[in-house]
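Q: From the sequence below, what's the structure:
(2 chains)
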Amino acid sequence: MQIARFLFYPIFVLLGSVRRQRLLQVGLAIVVAHILMAFICGPTGNKDDPYGLTRWIPPYNPTKSYPEIPRLAPPSAAHWMGTDHLQRDVFSRVISGGWAPIVVAFSSIAISLTIGSILGWISGFAGGLLDRVLSLSMDAIYSFPSMILAIALVAVMQPGLVPMIMAIAVVYIPTYFRVTRAEVLQIREQTFVEAAHAVGAPWWRVLLRHIAPNTVNAIMAVSSFNIADAILTEAAMSFLGYGLPPPAPDWGFDIQNGQRFLQSGYWWLITFPGLMILSLSLGFGLIGEGISDLVNPKRRRKKVG
Amino acid sequence: MGGIGKYIVQRVLLTIPMLFILLTAVFLMLRLMPGDPVLAMLGGRNVSPELIEQRRKEWGLDKPLHVQYLNYLAQVVRFDFGKSSRTGRPVLYELRTRLPATLELAFGGIFFAALFGITTGIWAAVRADKTSDHVVRLFHIGSFAIPIFWLGLMFQMVFAVQLDWLPVAKRVSGIYAYTFQPITRFYFLDAILLRDGKLLLDVFKHWILPAVTLGIALTGFLGRMTRAAMLEVLDADYVTTARSKGLAERVVILKHALRNALIPIVTVMGLQFAILMGGAVLTETVFSWPGIAGFLVRSLDARDWNAIQGTIVFIGVFIATVNLIVDILYSIIDPRVRY
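A: Next up, the predicted model:
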């Protein structure tokens, strides 16, 4: 019960406060629309033809070339976002291409949140040599450009979904470590923690029941921004060719494909996938803004105190 | 030696273990790479086992891991990263000749980020909680959310292909590629040294799109910093005093408020170098900019071990140094900083 409340706390807070937050509303609307679209149009379990024909959305199979589709035709009534050089429907690819960024962003942030926060709790709570060594290692990773680190990590592994998730997860562990550690250092000095120690609670109980739950707010505020960032990183990776293997639809990779035809003026090939990346990342950014306004309402007000 | 001296020593000493951890991480990461690097470098399947064995010996890859590690550390300390298997030249030479290009781009990025970020930040702070503040806020959030490589491509499409005002990519036009002998490799500086106005214009035209692209990636961050710093300063008593003296609002904001608000902003700008380098990877790739970040991407593609190792270490050392310098400068400029 305790665990459940702890896990769902962020969702309760979100639901309870959505009504008052315009940014949060817009952000949630964008993100929910994207997630629905990604999972309706995304791949199915069918190994031979994951984007199979049994479905009515998207209009065409995004991975298949159709002889009746013209090559590199501009947007029209039949093909809302035009067609590409392999006689595929760009609209179908665009609406099914969100699956990879969403899966990668959520999984990688879930992993780094878990590992980073646990390390942060322990490090901040224990202090001493362990804390010093961990902090220094985390700072070393943190100070290095995360985009470069993620790309290098995915490049030394094989391209694909799991390597992308792992690379992005590694990059964000220090962020969660730093946030939770800073919170723990503050909370651990407070009277209620002292009281818990005084009544003889074991250390793990103090950490899990009294300290950890109080770091959730800070973790939550950071997470949304990190997901937005992770989506951009995924897009960059797949743009550089380390994403899903073709012909799976993936926005970054489609942009890379379109780049070859940029000088010929085929604008639709890169414009639409890019707008999708932008809107998805923007959605999470807006949620993050909304949450920070909630967590720290004074921040936006002109007069402080 | 006062407090500052002690602080500097402490700060330097703290940088060393951090670099050490970074070096170790790079070493381990490359050893985890699947596929035989020797095979990849020799570039094909039809290579005799003798040749592979010979190369393995040459590069010291036949030795146990801890020996390899010590050799690697010894190399790095001497800044000797070996030869790039892709270009055949020493990695350090490749990095040295490419660094000016990256720096030129990075300065451009910082310049435009400051231009867009600080102006919009001031504007938002002065009009806090009004409509324009909200619009600027959305612009700042948008600048975080925009995929930088896509922005670069869109710029190319609009300004280079459709309007044909600017070149698509590279640092200079083809006509200069053979005649132009770079001196410093900072092309702006070279053009001035050569007293070649046409070249200067050409360099500028090539530079503007990537620089703006990179700048926009940092605009949101700087803009929000500026807004927050300005809001704090605008409430201060000395600003009220300046206003009550009857000074023009413009003077109060630009001269009295902004100057003090700039201190934290400038510091943060220095520390944003890491993000800037991350953006440079994509900007350099999109614009075929011959810098070190684009070099890294091509080396990763070619599985060019020495080049990957060397470039990552180089970038790490470079950023650690920039952060160190910024920190120290900050402690000297702002006496309120405690050591």
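
Q: rest of the way, CA atoms for contacts and neighbours
A: Noted.

Q: List the buried residues for the helix or strand hosting B:Ser143?
A: Element membership for B:Ser143, per DSSP states H and E: helix B:131-145. When burial is assessed from 16 or more other CA atoms under 10 Å in any protein chain shown, helix B:131-145 yields the following buried residues: B:Ser132, B:Asp133, B:Val136, B:Arg137, B:Leu138, B:Phe139, B:His140, B:Ile141, B:Gly142, B:Ser143, B:Phe144, B:Ala145.

Q: quick one: which two of the residues you listed are the most distant?
A: The two members of these with the most space between them (CA to CA) are B:Ser132 and B:Ala145, at 19.9 Å.

Q: wait, what's in contact with A:Pro247?
A: A:Pro247 makes contact with A:Thr63 under the criterion CA atoms under 8 Å, 6 or more residues apart in numbering or on different chains.

Q: Could you do B:Ala307 as well?
A: Neighbouring residues of B:Ala307 by CA under 8 Å, 6+ apart: B:Phe81, B:Lys83, B:Ser84, B:Ser85, B:Val91, B:Leu296, B:Ser299.

Q: and which of those is nearest to chain A?
A: Sorting these by how near they are to chain A, with CA to the nearest CA, puts B:Leu296 at the top with 8.5 Å.

Q: packing partners for the helix or strand hosting that closest one?
A: In this structure, B:Leu296 is located in helix B:292-302 according to DSSP H and E. Contacts defined by 3 or more CA pairs under 8 Å, 6 or more residues apart in numbering or on different chains; DSSP states H and E place helix B:292-302 against helix A:146-156, helix B:91-126, helix B:273-286, helix B:305-333.

Q: Same list (those helices) but as TSV, adding mean pLDDT and distance to B:His66.
A: Output for the helices and strands packed on helix B:292-302, formatted as TSV (pLDDT from 0 to 100; distance: least, CA to CA, whole Å):
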stretch	mean pLDDT	distance to B:His66
helix A:146-156	88	21
helix B:91-126	90	23
helix B:273-286	88	30
helix B:305-333	83	17
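
Q: how about TSV for those helices, with distance to B:Gly197 added?
A: Putting the helices and strands packed on helix B:292-302 into TSV (distance: least, CA to CA, whole Å) gives the following:
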stretch	distance to B:Gly197
helix A:146-156	36
helix B:91-126	18
helix B:273-286	25
helix B:305-333	33
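
Q: neighbours of B:Gly76, just the number please.
A: Small correction: residue B:76 is Val, not Gly. The local packing of B:Val76 (other CA atoms under 10 Å in any protein chain shown) involves 17 other residues.

Q: how far away is it from chain A?
A: The spacing between B:Val76 and chain A, counted by CA to the nearest CA, to the nearest Å, is 17 Å.

Q: could you list every residue that touches the nearest residue to B:Gly142 once chain neighbours are set aside?
A: Taking CA to CA, 6 or more residues apart in numbering or on different chains, and ignoring the residues beside it in sequence, B:Gly142 has A:Leu282 as its nearest neighbour in space, at 6.3 Å. Applying CA under 8 Å, 6+ apart to A:Leu282 gives the contacts A:Gly27, A:Ala228, B:Ile141, B:Gly142, B:Phe144, B:Ala145, B:Ile146.

Q: Identify the residues contacting the third one.
A: Going by CA under 8 Å, 6+ apart, B:Ile141 touches A:Leu282, A:Gly285, A:Leu286, B:Gly220.

Q: could you check the angle helix B:131-145 makes with the host helix or strand of the first one?
A: Here A:Leu282, judged by DSSP H and E, is contained in helix A:268-295. With axes from the mean of the first three to the mean of the last three CA atoms, to 10 degrees applied, the angle from helix A:268-295 to helix B:131-145 works out at 120 degrees.

Q: for the record, mean pLDDT for helix A:268-295?
A: Helix A:268-295 shows an average pLDDT of 89 in the prediction.

Q: How far off centre is that helix?
A: Its chain's C-alpha centre and that of helix A:268-295 lie 11 Å apart, by CA atoms, centre = their mean, to the nearest Å.

Q: what does the stretch 1-150 of chain A have sitting close to chain B?
A: By CA under 8 Å from any CA of the partner chain, the residues of the stretch 1-150 of chain A that approach chain B are A:Leu136, A:Ser137, A:Asp139, A:Ala140, A:Ile141, A:Ser143, A:Phe144, A:Pro145, A:Ser146, A:Met147, A:Ile148.

Q: was I right about B:Ile183 contacting B:Asp190?
A: Yes - distance between B:Ile183 and B:Asp190: 5.9 Å, which falls inside the contact criterion (CA atoms under 8 Å).

Q: Compare the two (neighbour count), which wins?
A: For the pair B:Ile183 and B:Asp190, the greater number of neighbours falls to B:Asp190 (19 against 12), based on other CA under 10 Å.

Q: contacting residues for B:Thr119?
A: Counting by CA under 8 Å, 6+ apart, B:Thr119 makes contact with B:Gly223.

Q: For the stretch 101-250 of chain A, which segments count as helices?
A: With helices called from DSSP state H, counting those that start in this stretch, the stretch 101-250 of chain A shows them at A:128-143, A:146-156, A:161-187, A:191-198, A:203-205, A:216-239.

Q: Any idea which of those helices gets closest to A:Gln263?
A: Between A:Gln263 and the helices of the stretch 101-250 of chain A, the tightest spacing by CA to CA is seen for helix A:216-239, at 17.7 Å.

Q: and that closest one, what does it pack onto?
A: On a contact count with 3+ CA pairs under 8 Å, 6+ apart, helix A:216-239 meets helix A:2-17, helix A:99-126, helix A:146-156, helix A:161-187, helix A:251-259, helix A:268-295, helix B:131-145.
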